[in-house]
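# have a look at this fold, sequence not included:
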């Protein structure tokens, strides 16, 4: 049977494959390989719609014989390889995404078990070998578009190599455009090492989190649970918010609420908030980087300070707005922001590499390392801070993702797959920020490019890690990147970060035109 996979079909395959592998791993951990692994096989084979016909050879409804998870894996491999073969023929870039999803499921299962069992390790080996063989077989069966197969894009490779030369430890870049998909990396995954950063490794995405959070709020608006122009105090009466602050103002940074991570005043002085990695509090933050902050604590500190301006009369980037948005999500739904993110975004899009960590300092492998430099008794020291507790920034910037997941997310969002058209239009309606050529919508920056076009973006920095996320307004062209560096209290990397952003935007969206850097985070 000949079919054409829709984007939803592809997402379904990713999600089902992730679930199947996870169930098989759980079977091994629980010592009950037969029944649970049967369910794992069915989870993949029962992919909805026409995709189910592709996997017709899987053992429907049959109890699987075998004494180990590795043997049971043999029964699921036909379904996995059938999916891989079809994807490789129709959408090679998606085939690689599918492969990555399955392998992340295997890695995650192994991490949850602590020490991988021999049966799980054997399962991982068999699945990896089968997927690689399927990819080769599909490639041999017909021509694969050069762009999707990873064609040579010397201008992109040169750009990331020059970014490394400007002071970054490593960079990984993913571009999806009219030529297909290109992914590459430059530099090192860790100081003193020779291995390049993984092209789809995990990275702390900083303020890219705001776009995810804003999307969840707007999805709740679409569900009729939240009013975009209703007072935020209606949902969070216990906080004593100014009644004039609306939900829209939180997402738009026009509430005037003090930024709990500190404010730079008009005269250049700083009104401090909690200790942060920058300015005079850098050493204090570093020494206490595993401290747990609760969202309510951050908001209460912010509300104890004078407002920046009357609600709706100005624009000021404040992390407090997005912690308030988190509290609103949790109050309205009765569920954690992580649960709602999974229900509304991560699950439907199959974003298996994206994590809402709350107060956990862990980051899934693979990843490039993050570093922090400080002075101790007159001597410069550099430490690895890849593990850090992100609760100090909360929903202002705590999430972890990959370049592939960021591409999938922003492309789906701009393509109208997450929000109704009217709400997507609200999200992308520019509001003046006072920064030239850079306005703000609801959780996204709206940028005017040097070529006269518009790009929707949000970037983020998270102490030694940074992430870039750009898309055309229709989601057809995207740029996502992960960077790792040596950070410090003086923000020494800031200028190089801004130049890197603009260099990549010019290369992908403006045909390589040069222009002075503009900040986007």
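Cool, the structure landed. As the structure is a prediction and not an experimental result, all values here were calculated from the model.
# look up how far residue 396 lies from the residue lying closest to residue 467 once chain neighbours are set aside.
Excluding the flanking residues, the one nearest residue 467 by CB to CB, 6 or more residues apart in numbering is residue 205, at 3.9 Å. (Each C-beta comes from the backbone N, C-alpha and C, glycine too.) Using CB to CB, to the nearest Å, we find residue 205 at a distance of 12 Å from residue 396.
# same check on residue 345?
For residue 345, the distance to residue 396 equals 18 Å [CB to CB].
# between the two, who's got more neighbours?
Set side by side, residue 345 and residue 396 show more neighbours around residue 396, with 27 against 20, by other CB atoms under 10 Å.
# who's in contact with the residue lying closest to that one once chain neighbours are set aside?
Distances taken as CB to CB, 6+ apart place residue 319 nearest to residue 396, at 3.1 Å, with adjacent residues excluded. Residue 319 makes contact with 259-261, 298, 393-394, 396-397, according to CB atoms under 8 Å, 6 or more residues apart in numbering.
# poorly predicted segments of the stretch 51-200 of the chain, please.
51-82, 89, 93, 103-151 (pLDDT under 70).
# again, only this time at 50
51-73, 111-116, 136-150 (pLDDT under 50).
# show me what counts as buried in stretch 216-234.
216-222, 226, 228, 231-233 (16 or more other CB atoms under 10 Å).
# can you redo those residues as a markdown table with secondary structure, distance to residue 308 and pLDDT?
As requested, the buried residues of stretch 216-234 are arranged in a markdown table below (DSSP: H, G, I helix; E, B strand; the rest coil; distance: CB to CB, whole Å; pLDDT from 0 to 100):
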| residue | secondary structure | distance to residue 308 | pLDDT |
| --- | --- | --- | --- |
| 216 | helix | 25 | 98 |
| 217 | helix | 21 | 98 |
| 218 | helix | 24 | 98 |
| 219 | helix | 28 | 98 |
| 220 | helix | 26 | 98 |
| 221 | helix | 25 | 98 |
| 222 | helix | 30 | 98 |
| 226 | coil | 24 | 98 |
| 228 | coil | 22 | 98 |
| 231 | strand | 18 | 98 |
| 232 | helix | 16 | 98 |
| 233 | helix | 18 | 98 |
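# would you turn these into a markdown table with distance to residue 332?
Shown next, in a markdown table, are the buried residues of stretch 216-234 (distance: CB to CB, whole Å):
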| residue | distance to residue 332 |
| --- | --- |
| 216 | 10 |
| 217 | 9 |
| 218 | 13 |
| 219 | 11 |
| 220 | 6 |
| 221 | 10 |
| 222 | 13 |
| 226 | 6 |
| 228 | 13 |
| 231 | 14 |
| 232 | 11 |
| 233 | 13 |
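# closest one of those to residue 452?
residue 218 (28.3 Å; CB to CB).
# list the contacts of residue 325.
Neighbours of residue 325 in contact, by CB under 8 Å, 6+ apart: 213-214, 217, 247, 250-251, 395.
# go on, residue 247?
217, 221, 226-230, 232, 235, 325, 328.
# residue 260 should be in a helix, yeah?
No: going by DSSP: H, G, I helix; E, B strand; the rest coil, the assignment for residue 260 is coil, not a helix.
# how near is it to residue 162?
As judged by CB to CB, residue 260 and residue 162 stand 36 Å apart.
# with neighbour numbers in mind, choose between those two.
More crowded of residue 260 and residue 162, by other CB under 10 Å: residue 260, with 28 against 14.
# how confident is the prediction for that one, by pLDDT?
Here, the pLDDT recorded for residue 260 equals 97.
# helix or strand for residue 382, which one?
Element membership of residue 382, judged by DSSP states H and E, is strand 379-384.
# average pLDDT for the following helix or strand past that strand?
Counting by DSSP H and E, the next helix or strand C-terminal to strand 379-384 is strand 400-401. Averaged across strand 400-401, pLDDT comes to 98.
# what does stretch 289-306 give?
On average, stretch 289-306 scores 97.
# ok, residues contacting it?
Outside stretch 289-306, the residues that touch it by CB under 8 Å, 6+ apart are 239-241, 257-260, 263, 271, 273-274, 318-320, 323-324, 326-327, 359, 361, 385, 388-389, 391-392, 394-395.
# if you set the cut-off to 6 Å instead, what comes out?
The contact list for stretch 289-306 (CB atoms under 6 Å, 6 or more residues apart in numbering) reads 257-258, 260, 320, 323, 326-327, 359, 361, 388-389, 391-392, 394.
# which of those are buried?
257-258, 260, 320, 323, 326-327, 388-389, 391-392, 394.
# skipping its backbone neighbours, what lies nearest the one residue sitting closest to the centre of the chain in space?
For the chain, the residue nearest the mean C-alpha position is residue 401 (3.2 Å; CA atoms, centre = their mean). Residue nearest to residue 401 in three dimensions, not counting chain neighbours: residue 354, with 4.3 Å by CB to CB, 6+ apart.
# pretty sure residue 244 contacts residue 311?
Yes: under the criterion of CB atoms under 6 Å, residue 244 makes contact with residue 311 at 4.2 Å.
# more crowded one of the two?
For residue 244 versus residue 311, neighbours defined as other CB under 10 Å are more numerous around residue 311 (19 against 15).
# secondary structure class of the more buried one, three-state.
Under three-state DSSP, the three-state class of residue 311 is coil.
# now swap in residue 176 and tell me
strand.
# got a list of what the closest residue to it other than its chain neighbours touches?
Spatially, and ignoring its direct neighbours in sequence, residue 176 is nearest to residue 478 (4.8 Å; CB to CB, 6+ apart). Contact partners of residue 478, counting by CB under 6 Å, 6+ apart, are 176, 407, 410-411, 471.
# what do you get for residue 174?
183, 403, 407, 480.
# between the residues you listed, which sits nearest residue 501?
Using CB to CB, residue 480 comes nearest to residue 501 of these, at 12.1 Å.
# please tell me I have it right and the closest one contacts residue 408.
No: at 9.3 Å, residue 480 does not count as touching residue 408 under the criterion of CB under 6 Å.
# between these two, who's got more neighbours?
Using other CB under 10 Å as the criterion, residue 480 and residue 408 rank with residue 480 on top: 30 against 27.
# tell me who's in contact with the more buried one.
Contacts of residue 480 by CB under 6 Å, 6+ apart are 174, 403, 406-407, 469.
# farthest-apart pair in the buried ones among the contacts of stretch 289-306, please.
Pairwise distances across the buried ones among the contacts of stretch 289-306 peak at 25.3 Å for 257 and 388 (criterion: CB to CB).
# which outside residues touch the helix or strand containing residue 373?
Following DSSP H and E, one finds residue 373 within strand 371-376. Contact with strand 371-376 is made by 283, 286, 381-385, 464, 486-488, as judged by CB under 6 Å, 6+ apart.
# ok, now with 7 Å
Residues outside strand 371-376 that contact it (CB atoms under 7 Å, 6 or more residues apart in numbering): 191, 277, 282-283, 286, 380-385, 463-464, 486-489.
# give me the buried entries from those residues.
Among these, the ones that count as buried by 16+ other CB under 10 Å are 277, 282, 286, 385, 463-464, 486-489.
# check the contacts of residue 480 against residue 156 and report the nearest one.
Nearest member of these to residue 156, counting by CB to CB, is residue 174, at 9.7 Å.
# and that closest one, bridged to which residues?
Counting by DSSP bridges, residue 174 forms beta bridges with residue 183, residue 480.
# any idea how far it is from residue 200?
According to CB to CB, residue 174 stands 8 Å off from residue 200.
# shared neighbours of those two, anything?
403-404.
# any idea how far residue 253 is from the residue nearest to residue 467?
Distance from residue 205 to residue 253, by CB to CB: 18 Å.
# more neighbours, these two?
With neighbours defined as other CB under 10 Å, residue 205 and residue 253 compare such that residue 205 has more, 33 against 25.
# the more buried one contacts residue 399, doesn't it?
Yes: assessed by CB atoms under 7 Å, residue 205 is found in contact with residue 399 at 5.3 Å.
# for residue 468, give me its contacts.
459, 479-481, 501, 504.
# which pair of the residues you listed spans the longest distance?
480 and 501, at 12.1 Å, using CB to CB across those.
# what does stretch 423-433 contact?
214, 218, 221-222, 228, 252, 254, 315, 416, 419, 439-444, 446, 456, 473.
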